[in-house]
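> Model the following, please.
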Amino acid sequence: MAGPLRVLVAKPGLDGHDKGARIICRVLRDAGMEVIYTGLKQTPDQIVTAAIQEDVHIVGLSILSGAHLGLSEKVIRKLRENNAGDKIVVVGGLILDDDIPKLKEIGVVEIFPSGVTLEHVVERVRELGEKALA
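Below you'll find the model as predicted:
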């Protein structure tokens, strides 16, 4: 990989719990990635603006509220509208198995449901990053 992989971790919507997102930020950082955390209650516009300004390769959405389909679709649509559709979008949180194909259909590249190991997240994000940096 040339240069550091840059990952934005965002908490869209009204979900006020970010312990998992902060843990993900830490393990990705400890794995050598540059991580930008947007904080709680971000709008899709704020997330897209931050992703563009920070020139990230991957946008990670942490969603526990059950609104992952609508929020992911809005973020992906706004990335495309802002000529940033090449950014890889991944989603983690409380994701129903039935929603995984729907998320992939709207453009989410990888889904990390609750219970996935931190090692798997790091490995998969690193793999996606290698493709993005190639």
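
> Low-confidence ranges, the protein, go.
Along the chain, the parts satisfying pLDDT under 70 run over 1-2.

> Do you have the strands of it handy? List them.
6-10, 34-37, 58-63, 88-93, 110-113 (DSSP state E).

> could the ones you listed be laid out in TSV, adding distance to Pro44 and mean neighbour count?
To be clear about C-beta, it is placed using only N, CA and C from the backbone, and glycine gets the same treatment. Rendered in TSV, the data for those read as follows (distance: least, CB to CB, whole Å; neighbours: other CB atoms under 10 Å):
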stretch	distance to Pro44	mean neighbour count
strand 6-10	9	25
strand 34-37	16	18
strand 58-63	9	25
strand 88-93	11	22
strand 110-113	18	18
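
> can you list these in TSV and add distance to Lys78?
Listed next are those as TSV, based on distance: least, CB to CB, whole Å:
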stretch	distance to Lys78
strand 6-10	12
strand 34-37	17
strand 58-63	11
strand 88-93	11
strand 110-113	19
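
> With Ile100 as the reference, name the closest of those strands.
With CB to CB as the criterion, Ile100 lies closest to strand 110-113 of the strands of the chain, at 5.2 Å.

> Run through who's touching that closest one.
88, 90-95, 97, 100, 103-104, 120-121, 124-125, 128 (CB atoms under 8 Å, 6 or more residues apart in numbering).

> Leaving out chain neighbours, which residue sits closest to His17?
Leu64 (5.7 Å; CB to CB, 6 or more residues apart in numbering).

> I'd say Asp12 and Pro44 touch.
Actually, residue 12 is Pro. It isn't Asp. Yes: assessed by CB atoms under 8 Å, Pro12 is found in contact with Pro44 at 6.3 Å.

> between those two, what contacts are shared?
With CB under 8 Å, 6+ apart as the test, Pro12 and Pro44 both reach 71, 75.

> more neighbours, those two?
Pro12 (25 against 21; other CB atoms under 10 Å).

> And the residue lying closest to the more buried one once chain neighbours are set aside, how close does it get to Val122?
Nearest non-adjacent residue to Pro12, counting by CB to CB, 6+ apart: Leu71, 4.4 Å away. For Leu71, the distance to Val122 equals 24 Å [CB to CB, to the nearest Å].
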